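J.: Predicted structure and sequence below. I'll ask about it afterward.
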Amino acid sequence: MLTNHQIELLVARIEPDLIALRRRIHAHPELAFEEHETARAVSGYLSAIDIPHRTGVGKTGVVAVIEGGAAGPTVGVRADMDALPIEEASAKVRVGPPVDDPADLDADVWAGTLALRTVAGAATPAPDLKPGLELPSYLDTFTRP
C-alpha cells in the first residue's frame with residue numbers, strides 16, 4: 001500500500017504530463033462518439049505509463065483498471081471526453097469589476113471577468129499612400145516590430 005507521501009510524489013511526477021494531455025484534448029475538441037483523436041491520446045498516455053486498458057468501449061471509450069496490491073475498498077473514476085457543441089454564446093462588455101444582474105446570478109453559469117488587452121502590431125502603410133509620407137512619431141509608441 002502506498003503512503004500519502006508516495007502518492008504525492010507520484011502525482012507530482014505525472015502532473016505535468018496530465019496537464020499537457022488535458023490541454024491537447026481541449027485544443028482539439030471532438031463531439032460525442034467522434035472522439036477518435038481524444039481516445040488515441042488517452043490510450044497513448046496510458047500505454048506510456050504501462051496501465052492496461054481497452055479502447056473502442058461504447059465506440060470511442062477507453063477503460064483502464066488499476067488493481068491494488070491488497071483487498072479493500074474499490075474506487076471508480078469516470079470522465080467524459082466529448083465536447084459539447086456551442087450553439088450560441090454571449091458576453092457583457094464593460095470596464096471595471098464584475099457587476100451582475102441578480103437574475104444572472106441565479107443561472108447555473110459561470111460569472112466573472114476575462115481581462116482583454118490589445119497589442120498593436122507593426123504599422124503597415126496604405127498601398128495608395130503618397131510617396132514620402134513617414135510614420136508619425138506619436139505612433140512609434142504603439143507599434144511593435
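T.: Good, I have the coordinates. Here the structure is a predicted model, which means the values were calculated and not measured. Numbers count the residues shown, from 1 in each chain.

J.: which residues of the chain score low on pLDDT?
T.: 1, 91-94, 96, 98-100, 104, 141-145 (pLDDT under 70).

J.: any chance you could map the strands in it?
T.: 53-57, 61-64 (DSSP state E).

J.: Point out the one among those strands that comes closest to T113.
T.: With respect to T113, and counting by CB to CB, the nearest of these is strand 61-64 at 36.1 Å. Any C-beta I mention is one placed from the backbone N, CA and C, and that applies to glycine too.

J.: I'd like the distance from the closest one to the chain centre, please.
T.: On the basis of CA atoms, centre = their mean, to the nearest Å, strand 61-64 sits 21 Å off its chain's mean C-alpha point.

J.: Show me what that strand is packed against.
T.: The contact analysis (3 or more CB pairs under 8 Å, 6 or more residues apart in numbering; DSSP states H and E) places strand 61-64 against helix 36-48, strand 53-57.

J.: in its sheet, what does it sit against?
T.: strand 53-57 (antiparallel) (DSSP bridges).

J.: who touches the partner strand?
T.: 39, 43, 46-47, 61-65 (CB atoms under 8 Å, 6 or more residues apart in numbering).

J.: Mind doing that once more with 7 Å?
T.: With contact meaning CB atoms under 7 Å, 6 or more residues apart in numbering, strand 53-57 is reached by 39, 43, 46, 62-64.

J.: and of these, the nearest to P131?
T.: The closest of these, once distances to P131 are taken by CB to CB, is A39, at 59.4 Å.

J.: how close does V77 get to P136?
T.: 61 Å (CB to CB, to the nearest Å).
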